[in-house]
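> I need the structure of the sequence given here:
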Amino acid sequence: MSQLPPAAPANTDDAWMFDLAPVSLWVEDYSAMRVLFDTWRAQGVTDLRAWFDEDPARVAQCSECIKVVKVNQKTLTLFEADNLEHLVGGLDRVFRDDMFKEHLEELVQLWSGETHFLSQTVNYTLTGRRLDVLLRGTVLPGHEHKWDRVLVAVEDITELERARHRAMLSAQYARGLFEYSPVSLWVEDFSVVKQLLDEIRAQGIRDLRVFTDVHPEFVERCMEEIQVIDVNQHTLQLFAAPDKKTLLGRLRDVFRDDMRQHFREQLIDLWDNKLFQQREVLNYSLEGNEVNVHLQFAVLTGHEQHWDMVLVALTDITARKKAEAYLEFLGKHDVLTKLRNRSFYVDELNRLERKGPFPVTVIIADLNGLKGVNDQLGHAAGDTLLRRAGEVFAKAVEAPHYAARIGGDEFAVLLPGMDERGGQAVIDSLQHLIELNNQFYPGATLSFSMGMATCHRGERLEATVQHADLLMYEEKRAFYANTPAAERRLGLKPD
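Okay, the predicted model is just below:
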């Protein structure tokens, strides 16, 4: 760009308004560039952008055709120039680097016949300070043919761009925290759920628990009206989903079965205006595996009126739940045989004594020859025999009946609601399974001495257990009386 002698203003008022305008104003002469455009058109150029791509130096050639006629005081201040001559002399420092990319867009707009152009670009002050500017140019009325007077307004948007950049970085940071959080995060829209709750409240419903007892379909409808806005990467990993689209398309596979009851409690809390909630719930992965999670639900600040922005955080507690279940299993089961243990047996006897159902049949069984197997073949062989006993009892006895290991080689079967005939059928089943087990396993023979007794309503269960124990010992004595000592030591049946 170069300088032309300033034209005299039409009147003094216009000159003052131009010079004191709070926006940087430039009056420029584009007539030489118009001539250059006409020359290129005569040469057959039709696509200016392609013409510039062919030789980028042509952009600078256009820029050199522009002459600065005058600028106002705001321009001198903005670009840190002493006067017009100082500014024009340093234009190569003002318009550089990123400027030319946007300048190309201005030229394309003019080439296309526009008399106005708009662009956002970068300029620099004479001291080298970067300026983000919004540039608006207009060919002044009466000069459309030659382009010899063009008014350019330059608005300093540096602070706005910095603020926008900071906001962008903040948004990227927040997005990064969301996307790569080590817990599963869901952004959801509960606004329709709120509308449904408001509707039934307006109808006079006061107790949502009672209402959902009578209308369980309301819970299902509310679940269907939740809109999932977004989920993070950990959510995809947790629920074995290849991508967000697949997960959101199969939410019914994730939230099912026991989840409905958990969601009902969540609804009741929302009904009571508890907008932050915590609970443990059961979900399912897309592979069908159970996923135990600790759920934290929060209506985000500023969205309390409509519930249209809700953050749900799910922490995977499946491993903890498995550990708790295993500890609970250990508390009630014998580790070796996987049957119930003596602690469970005692508690269940006390419960049956109080609540029944009667009759209750009890089978007491003692494993024959365990000591001999331990002494002659080692405790590993004895443990194998005990595990085989556990397999037989587990196969023959199913809930609501229980088999338990109540001593080293002693077992008990509790059969609530079963009489003597049913108890004998269980013993027959046990004997059949024992025969099959002995055919399958080599080595020591599995054998039991068993006694059975039945407790009817009004009788003492403790006395029934003692009677079954007594009958077991009678069979035990008969076993030892009829089995040679060597065979007893190896747990073998007599010939």
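
> so where's this structure uncertain?
Scanning the chain for pLDDT under 70 picks out the ranges 1-13, 98, 484-495.

> OK, contacts around F178?
For F178, the contact set (CB atoms under 8 Å, 6 or more residues apart in numbering) comprises 185, 187, 230, 232. The way it works is simple: take the backbone N, C-alpha and C, and place the C-beta from them, glycine included.

> which one of those is nearest A399?
L185 (39.8 Å; CB to CB).

> how about the helices in the stretch 201-350 of the chain?
208-214, 217-224, 233-238, 244-249, 251-254, 259-271, 318-332, 342-355 (DSSP state H, counting those that start in this stretch).

> that older thread, closest one of the contacts of F178 to G356?
Of all those, G356 sits closest to L185, with 50.1 Å by CB to CB.

> any idea how far the residue nearest to that closest one when sequence neighbours are not counted lies from A153?
In this structure, L185 finds its nearest non-sequential neighbour in N232, 4.5 Å apart by CB to CB, 6 or more residues apart in numbering. Using CB to CB, to the nearest Å, we find N232 at a distance of 45 Å from A153.

> hang on, the earlier thing: from the contacts of F178, which would you call buried?
For the contacts of F178, a burial check counting by 16 or more other CB atoms under 10 Å picks out 185, 187, 232.

> out of those, who's nearest S31?
Among the buried ones among the contacts of F178, V187 lies closest to S31 (CB to CB), at 57.0 Å.

> count of neighbours near the nearest residue to L236 once chain neighbours are set aside?
Spatial nearest neighbour of L236, chain neighbours left out: L247 (6.3 Å); criterion: CB to CB, 6+ apart. Counted with other CB atoms under 10 Å, the neighbours of L247 add up to 20.

> if I look at L247, how far off is C222?
Going from L247 to C222 by CB to CB gives 20 Å.

> relative to V310, which of the buried ones among the contacts of F178 is nearest.
For the buried ones among the contacts of F178, the closest approach to V310 (CB to CB) belongs to V187, at 7.2 Å.

> and N438, what is it in contact with?
By CB under 8 Å, 6+ apart, N438 lies in contact with 445-446.

> skipping adjacent residues, who's closest to G331 in space?
Of all residues not flanking G331 in the chain, S343 sits nearest, at 6.9 Å (CB to CB, 6+ apart).

> please report the number of neighbouring residues for the one you found.
As a burial measure, S343 scores 14 neighbours (other CB under 10 Å).

> go ahead and confirm it touches E328.
No: the pair S343 / E328 is not scored as a contact, 11.8 Å apart, by CB atoms under 8 Å.

> would you convert the helices of the stretch 201-350 of the chain into JSON lines that also reports distance to R279?
Output for those, formatted as JSON lines (distance: least, CB to CB, whole Å):
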{"stretch": "helix 208-214", "distance to R279": "16"}
{"stretch": "helix 217-224", "distance to R279": "15"}
{"stretch": "helix 233-238", "distance to R279": "17"}
{"stretch": "helix 244-249", "distance to R279": "22"}
{"stretch": "helix 251-254", "distance to R279": "16"}
{"stretch": "helix 259-271", "distance to R279": "6"}
{"stretch": "helix 318-332", "distance to R279": "14"}
{"stretch": "helix 342-355", "distance to R279": "29"}
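
> which one, of these, ends up nearest to R93?
Here helix 233-238 is closest among the helices of the stretch 201-350 of the chain (CB to CB), at 46.7 Å.

> buried stuff in that closest one?
In helix 233-238, counting by 16+ other CB under 10 Å, buried: 234-236, 238.

> other SSEs contacting that helix?
Contact analysis of helix 233-238 by 3 or more CB pairs under 8 Å, 6 or more residues apart in numbering; DSSP states H and E lists strand 184-189, helix 244-249, strand 310-316 as its packing neighbours.

> what residues go with each domain of this structure?
The record's domain split for the chain, according to automatic domain parsing, is 2-162, 181-322, 333-489.

> nearest to S170, out of those?
Nearest to S170 among the domains of the chain is domain 2-162; the distance by CB to CB comes to 12.4 Å.

> centre of the chain to that closest one, how far?
Taking CA atoms, centre = their mean, to the nearest Å, one finds domain 2-162 lying 52 Å from the centre of the chain it belongs to.

> turn the helices and strands packed on helix 233-238 into CSV, including distance to L286.
Output for the helices and strands packed on helix 233-238, formatted as CSV (distance: least, CB to CB, whole Å):
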stretch, distance to L286
strand 184-189, 14
helix 244-249, 7
strand 310-316, 15
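
> and A50, which of those is closest to it?
Short answer: helix 244-249, nearest of these by CB to CB, at 39.1 Å.

> what packs against that closest one?
Applying 3+ CB pairs under 8 Å, 6+ apart, one finds that helix 244-249 makes contact with strand 227-231, helix 233-238.

> how about the secondary structure of the closest residue to M472 other than its chain neighbours?
Take M472 and drop its neighbours on the chain: the residue closest to it by CB to CB, 6+ apart is G451, 3.3 Å away. Classification of G451 using DSSP: H, G, I helix; E, B strand; the rest coil returns strand.

> measure G451 to I406 for me?
Taking CB to CB as the criterion, G451 is separated from I406 by 13 Å.

> go on, G113?
Distance, G113 to I406, by CB to CB: 100 Å.

> which one of these two has more residues nearby?
Taking other CB under 10 Å, G113 and I406 do not tie; I406 has more neighbours (20 against 7).

> if anything else comes up later, I'll come back, but that's it for now.
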